[in-house]
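Q: Using only what follows, build the 3D model:
(chains A and B)
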Amino acid sequence: MTSRLWAASGLMLVGCAAVKQEPGLTVDVVLVGAEAPSTLDTAEVSVRSVELVPCQMAWSPLHLLGSPARADHSIESPTMVAFSGAVDLLAAPTVATLNPPPDVYCYARAVLEPSGDLAYTVRAEVDGQDVATDRVAWIDLPMDLTLHEDHPHAEVVLTFSLSQWPDAAATGSDVLFETARDDVILTVQ
Amino acid sequence: MGAEQPFAGRKRVAVEASSRSDAIGEPGVNQIRLRDDALTASAAMSPADRWQVALSIPVGRRTVEDVSLARTTVWSPGDVTARGRWVGWRGTGRGSSLVGVGTGLRLPTAPVARGPSGEALPMSAQLGAGHLTGILGVWGFRSRGAWAIYGSAEGWAPGRVWTRDGFESVPGLSGRSTVAAQWQPRTRLALRGSLEGRLDQVATLDGAPEPDTGGGVVFTRADLVVSPVTDLVVQAGVSVPTVQALKGYHVEGPSVALGVTRDF
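A: Sure, this is the predicted structure:
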């Protein structure tokens, strides 16, 4: 510390600025598909945003009076990341990084809806048959995530289980949507 | 330093250590918390009874912390300020009365602080303003017995001439005023209380009003002034924001200062 102070003092004397940058809290939000059957040729989902919800905001009697404070999912914030376009669940994981404030987070709230120029929320292709839906859903996935100076980094992984997608797609777009919405597992690493 | 009576041949040097803080932006969303620690060296001289010129050179450390606890610390020289004071009227009779005009220039001498890849850091992390600022105002001083009062009002007008990269934001006009009263019960001891006000125009960024800028604030300040030996003054002060009418999310914090002034 002393040597750094002397170095900074020396730089200042010659008219220079010395800069030190320390990273803050980071959370990588990962979207990934798993257990994909070989018959599934395409598996895409449009996740408009993922928000980390602090426990103190998870539910309040005030919500009965109106919408939660952060209902506008069009704006990115330190606790919410927006994704544009479709996430290919058969490809490599999609990762976005958040820089949230220290807090205890109880939920990850994912909004499934067409984003950008997409006309669908969920799309699957099985044996050449294309099934898509533009239905919208909010999913609250419970988690236990505490972020503070001594625990500055975490990875929140949303895994879409694809094992039932071919059967669901064969039944119809509504069942495909419900399968995609309900077969999501959240893990914190 | 800056409120003393000028008389021909008077020279003063001073060093002041100060620390202040404020917070700008919406808490939990885009708030940044700033802390400034500065060491300012000043020199003043009066070539004639009616004139005083002064120069102050700060060096400092600014710490900026965002909501995710990411922290940037910058050590850098600050902007040099040159000032001149002219005594327009000097009263006669008991006590001392002075009224005059003050002027000054704050020069963009602080270097641009840059990140590891050479990009200029955000303006909030810079110790300098990045542009020339003109200062013009009036002041008055009155002392009688153990009491002295001082008042000043001045306008700060930023110019864009020297604006450099990293300083896209253009501040507006600023008005500043001070009213101070000093009571000196002993030769070597004085207590000073003052109100320091600032009224800022909203800054602009690419021609649009910049959020969380502009508005007014009044600080109440208390100083203990001690002169342990002749021609040496030690001053310690605490300043607390008592009226905050700043626009948007902007909260000023308290500040402290400790200074030593030597007369020649």
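Q: what does stretch A:112-122 contact?
A: Here stretch A:112-122 makes contact (C-beta atoms under 8 Å, 6 or more residues apart in numbering or on different chains) with A:44-48, A:82-86, A:132-139, A:173, A:176-177, A:180-181. (Each C-beta comes from the backbone N, C-alpha and C, glycine too.)
Q: So for residue 151, what pLDDT did the model give?
A: With no chain named, the answer covers chain A. On pLDDT, residue A:151 comes in at 95.
Q: wrong chain, I was asking about chain B
A: At residue B:151, pLDDT is 97.
Q: and the contacts of stretch A:112-122, which are buried?
A: For the contacts of stretch A:112-122, a burial check counting by 16 or more other C-beta atoms under 10 Å in any protein chain shown picks out A:44-48, A:82-83, A:86, A:132-133, A:135, A:139, A:173, A:176-177, A:180-181.
Q: For residue A:91, which three-state class applies?
A: Secondary structure for residue A:91, judged by DSSP: H, G, I helix; E, B strand; the rest coil, is coil.
Q: now it: how far from residue A:45?
A: Distance, residue A:91 to residue A:45, by C-beta to C-beta, to the nearest Å: 12 Å.
Q: just residue A:171 next, same as before
A: Remark: distance between residue A:171 and residue A:45 (C-beta to C-beta) = 18 Å.
Q: Over to residue B:154?
A: In terms of C-beta to C-beta, residue B:154 sits 61 Å off from residue A:45.
Q: do residue B:135 as well
A: Distance, residue B:135 to residue A:45, using C-beta to C-beta: 60 Å.
Q: try residue B:159
A: Residue B:159 is 54 Å from residue A:45, by C-beta to C-beta.
Q: Does residue B:227 touch residue B:234 like I think?
A: Yes - at 7.5 Å, residue B:227 and residue B:234 qualify as touching, with contact defined as C-beta atoms under 8 Å.
Q: Which ones among the buried ones among the contacts of stretch A:112-122 map onto strands?
A: Taking DSSP state E, the ones among the buried ones among the contacts of stretch A:112-122 that sit in strands are A:44, A:45, A:47, A:48, A:82, A:132, A:133, A:139.
Q: which of the residues you listed lies closest to residue B:141?
A: Nearest to residue B:141 out of those is residue A:82 (C-beta to C-beta; 58.9 Å).
Q: Quick check: closest non-adjacent residue to the closest one.
A: In space, and not counting its chain neighbours, residue A:82 is closest to residue A:49: 4.7 Å by C-beta to C-beta, 6 or more residues apart in numbering or on different chains.
Q: tally of neighbours for that neighbour?
A: 22 (other C-beta atoms under 10 Å in any protein chain shown).
Q: Look up which residues are beta-bridged to it.
A: Counting by DSSP bridges, residue A:49 is bridged to residue A:82, residue A:111.
Q: Could you list which residues are in contact with it?
A: A:73, A:76, A:80, A:81, A:82, A:83, A:110, A:111.
Q: My read is that the second one contacts residue A:82, right?
A: Yes - at 5.1 Å, residue A:76 counts as touching residue A:82 under the criterion of C-beta under 8 Å.
Q: does whichever residue of chain A sits closest to chain B count as helix, strand or coil?
A: Residue nearest to chain B within chain A (C-beta to the nearest C-beta): residue A:24, separated by 3.1 Å. On the three-state scheme (three-state DSSP), residue A:24 is labelled coil.
Q: most distant residue from the middle of chain B?
A: Among residues of chain B, the one most distant from the C-alpha centroid is residue B:93; the distance is 33.1 Å, by C-alpha atoms, centre = their mean.
Q: Quick check: that residue vs chain A, distance?
A: Residue B:93 sits at a distance of 49 Å from chain A (criterion: C-beta to the nearest C-beta, to the nearest Å).
Q: Would you double-check that that residue falls in a helix?
A: No - counting by three-state DSSP, residue B:93 is not part of a helix but coil.
Q: give the contact list for the residue in the stretch 101-250 of chain B positioned nearest to chain A.
A: Minimum separation of the stretch 101-250 of chain B from chain A (C-beta to the nearest C-beta) falls at residue B:113, amounting to 4.1 Å. Going by C-beta under 8 Å, 6+ apart, residue B:113 touches A:17, A:19, B:74, B:76, B:120, B:121, B:125, B:126, B:127, B:166.
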